[in-house]
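Novice: A structural model of the following input is requested.
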Amino acid sequence: MTKEIKEMRIAVTGAASGIGSVIADELSSLGARVAICDKDAERVQAFSADHEDIFASVGNVSNETDVIDFFSGVEAKLGGWMHSLTTRG
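Specialist: Now for the predicted structure:
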């Protein structure tokens, strides 16, 4: 399974804290290319400081413009995504 994860590009929303951050961290440690989005700018900044290999973006998934901006960033930074996980604390 680890080999399959290494080939994945995964977007995780609501991921700057709680279960979302644990999921993003674990996927990254297994070799996946990970992008996160969360509406809490301070937590995104803190998460990003500890995870330089993960693309992190501030945005609220209930705001269409934020969602478009996030996935545009995922496209630019990771070359798109294969899976999207939605988490919320």
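
Novice: Buried residues in the lengthiest helix in the chain, which are they?
Specialist: In the chain, taking DSSP state H as the definition, the longest helix is helix 64-78. By 16 or more other Cβ atoms under 10 Å, the buried positions in helix 64-78 come out as 66, 70-71, 73-74, 78. C-beta coordinates here come from the backbone N, C-alpha and C atoms, glycine included.

Novice: TSV for these, including distance to Thr87 and pLDDT?
Specialist: Written out in TSV, the entries for the buried residues of helix 64-78 read as follows (distance: Cβ to Cβ, whole Å; pLDDT from 0 to 100):
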residue	distance to Thr87	pLDDT
Asp66	16	97
Phe70	14	97
Phe71	16	97
Gly73	18	96
Val74	16	97
Leu78	18	95
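
Novice: And those residues, which is closest to Asp25?
Specialist: Within the buried residues of helix 64-78, the smallest distance to Asp25 is 16.5 Å, found for Leu78 (Cβ to Cβ).

Novice: quick one: contacts for the residue lying closest to the closest one once chain neighbours are set aside?
Specialist: Closest residue in space to Leu78, ignoring its immediate chain neighbours: Arg9 at 4.5 Å, by Cβ to Cβ, 6 or more residues apart in numbering. Neighbouring residues of Arg9 by Cβ atoms under 8 Å, 6 or more residues apart in numbering: 32-35, 74, 78-83.

Novice: Just list whatever residues bridge to Arg9.
Specialist: Note on Arg9: beta-bridge partners Arg33, judged by DSSP bridges.

Novice: Against Ala24, how distant is it?
Specialist: 13 Å (Cβ to Cβ, to the nearest Å).
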